[in-house]
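Enquirer: here is my input; please provide its structure:
(chains A and B)
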Amino acid sequence: MSENVTLEILRYMPEVDSEPHFQTYTIPYRDDWVVLDGLNYIKDQVDATLSYRWSCHMAICGSCGMMINGEAKLACHAFLRDYRHGVIRIEPLDHFPIERDLVIVMDSFMEKLSSVKPYVITQEKKSLSDGENLQTPLQLMAFKQYTLCINCLLCYAACPQCGLNEKFVGPAALALAHRYNLDSRDDGKEQRADVVASNEGIWECTFVGACSEVCPKHVDPAAAIQQTKISASLDWFKARLMPGADR
Amino acid sequence: MSRRPYIRKVERGWWLGHRRYVVYMIRELSSLFVGLYCALLVLGLVRLAQGRAAWDGFLAVLSSPLGVLFQLICLAFAAYHSVTWFALTPKAMPLALRGEPVPPKAIVGMHYGVWAVVSLVVLIAAGI
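Expert: Purely as a prediction, here's the structure:
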């Protein structure tokens, strides 16, 4: 006996729709299918107009983030079998404008990401002949988990502050700023501080903790932001209390 | 084809849809009661400075049924605030000893330990 599963998908086609609406699809159920397989089945067999982003199907590329029954998830990381009790409701990621169907506009995130200068900044340029920038395992451990971010934006969709203030730099960008600030090879902390330690940076975070709960790579942006708050506060006091301190 | 991105509004009841947001909102609300209790303490100082009669009146209000109820509510919210905050401390203050990360449970335990010690000191200082 073949089983079916029903997906309720938020559709928005800007050339015909004035606002998004739900469309229901009933598709075959497979025990080893993830939600992304279901979407691919619809795209191939039922309705070719459905739009969504995906690429790797293995929780690496970070393209297929969407709201599945109200929770920010990677569609390739959510098995149909875990949602069998009823209709599966699929929407584009919360807190982002909808470009079309499940595709969101992520321009704001790209700007925020580049604003925190997420790369190693060194004060003195070294030439190739000077060799590698060596790092001990202990120095690597300080920031390694934050390197695992795949920019899937689930944390932005889960964070209420991102929904309430679109200027909030947000969990992933702040976690990456923290990652480079903690890097023993980096001297760029001061350059990042203008954005990171601003009102729209770490201080907009109220420690809901949802970002870390939904992160498919267990990056823990909430921890990064709280640690940055402590470090930024210490820097603020140091700059005012220590004679001759820059920042 | 021209683009026409659609922006969905955040609904007023956004926090009712998931347990984690409800828990968070209660934590935010709890700070209101912690603040009110702080205001009560400041008021107590003011009444104390105004003399014996004012201070006795303040104590009478505190020990009235409504006063006790208010303090119990504040205590409940303050406890909720503290417990949920302690649970989050390993994220905000990760510690490492000799290159090894301290287990989160130990960090939370230390906070409860400090809480117990401070409470004991306050109780002894209050002569109870």
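Enquirer: what is the rounded mean pLDDT of the helix or strand hosting residue A:235?
Expert: Residue A:235 belongs to helix A:221-241 when assigned by DSSP states H and E. Here helix A:221-241 scores 91 as its mean pLDDT.
Enquirer: how about the residue most central in space within chain A, nearest residue that isn't a chain neighbour?
Expert: Centroid check for chain A by Cα atoms, centre = their mean gives residue A:153 as the closest residue, at 2.5 Å. Excluding the flanking residues, the one nearest residue A:153 by Cβ to Cβ, 6 or more residues apart in numbering or on different chains is residue A:65, at 5.3 Å. Yep, even glycine has a C-beta here, placed from its N, CA and C like the rest.
Enquirer: can you give me the distance of that neighbour to residue B:44?
Expert: As judged by Cβ to Cβ, to the nearest Å, residue A:65 and residue B:44 stand 52 Å apart.
Enquirer: with neighbour numbers in mind, choose between the two.
Expert: A side-by-side neighbour count of residue A:65 and residue B:44, using other Cβ atoms under 10 Å in any protein chain shown, places residue A:65 first with 30 against 15.
Enquirer: what sits against the more buried one?
Expert: A:72-75, A:93, A:152-154, A:157 (Cβ atoms under 8 Å, 6 or more residues apart in numbering or on different chains).
Enquirer: now it: how far from residue A:214?
Expert: Distance from residue A:65 to residue A:214, by Cβ to Cβ: 9 Å.
Enquirer: which residues sit against the worst-scoring helix or strand of chain B on mean pLDDT?
Expert: Least confident helix or strand of chain B, by mean pLDDT, DSSP states H and E, is strand B:96-97 with a mean of 76. Here strand B:96-97 makes contact (Cβ under 8 Å, 6+ apart) with residue B:102.
Enquirer: how far does it sit from the chain's center?
Expert: 28 Å (Cα atoms, centre = their mean, to the nearest Å).
Enquirer: and if you look at stretch B:80-100?
Expert: That offset, for stretch B:80-100, works out to 16 Å (Cα atoms, centre = their mean).
Enquirer: buried residues in that stretch?
Expert: Across stretch B:80-100, burial judged by 16 or more other Cβ atoms under 10 Å in any protein chain shown covers B:80-81, B:84, B:86, B:88-92, B:94.
Enquirer: same thing with stretch A:226-246?
Expert: Buried residues in stretch A:226-246 (16+ other Cβ under 10 Å): A:226-229, A:231-232, A:235.
Enquirer: can I get these in JSON lines with distance to residue B:51?
Expert: Converted to JSON lines, these look like this (distance: Cβ to Cβ, whole Å):
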{"residue": "A:226", "distance to residue B:51": "46"}
{"residue": "A:227", "distance to residue B:51": "49"}
{"residue": "A:228", "distance to residue B:51": "49"}
{"residue": "A:229", "distance to residue B:51": "44"}
{"residue": "A:231", "distance to residue B:51": "48"}
{"residue": "A:232", "distance to residue B:51": "46"}
{"residue": "A:235", "distance to residue B:51": "47"}
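Enquirer: give me the subset of the buried residues of stretch B:80-100 touching chain A.
Expert: B:88, B:91-92, B:94 (Cβ under 8 Å from any Cβ of the partner chain).
Enquirer: ok, of those, which one's closest to residue A:101?
Expert: residue B:91 (35.5 Å; Cβ to Cβ).
Enquirer: I'd like the mean pLDDT over the longest helix anywhere in chain B, please.
Expert: Using DSSP state H to define each element, chain B has its longest helix at helix B:19-49. Computed over helix B:19-49, the mean pLDDT rounds to 94.
Enquirer: could you measure from residue A:142 over to residue B:97?
Expert: For residue A:142 relative to residue B:97 (Cβ to Cβ), the value is 14 Å.
Enquirer: can you check residue A:12 too?
Expert: Taking Cβ to Cβ, one finds residue A:12 at 53 Å from residue B:97.
Enquirer: please apply the same query to residue A:125.
Expert: The separation that residue A:125 has from residue B:97, given Cβ to Cβ, amounts to 37 Å.
Enquirer: quick one on the thing from earlier: and the residue nearest to residue A:153, how close does it get to residue B:53?
Expert: Taking Cβ to Cβ, one finds residue A:65 at 65 Å from residue B:53.
Enquirer: tell me the contacts of residue A:179?
Expert: Neighbours of residue A:179 in contact, by Cβ under 8 Å, 6+ apart: A:118, A:143, A:146-147, A:149, A:224.
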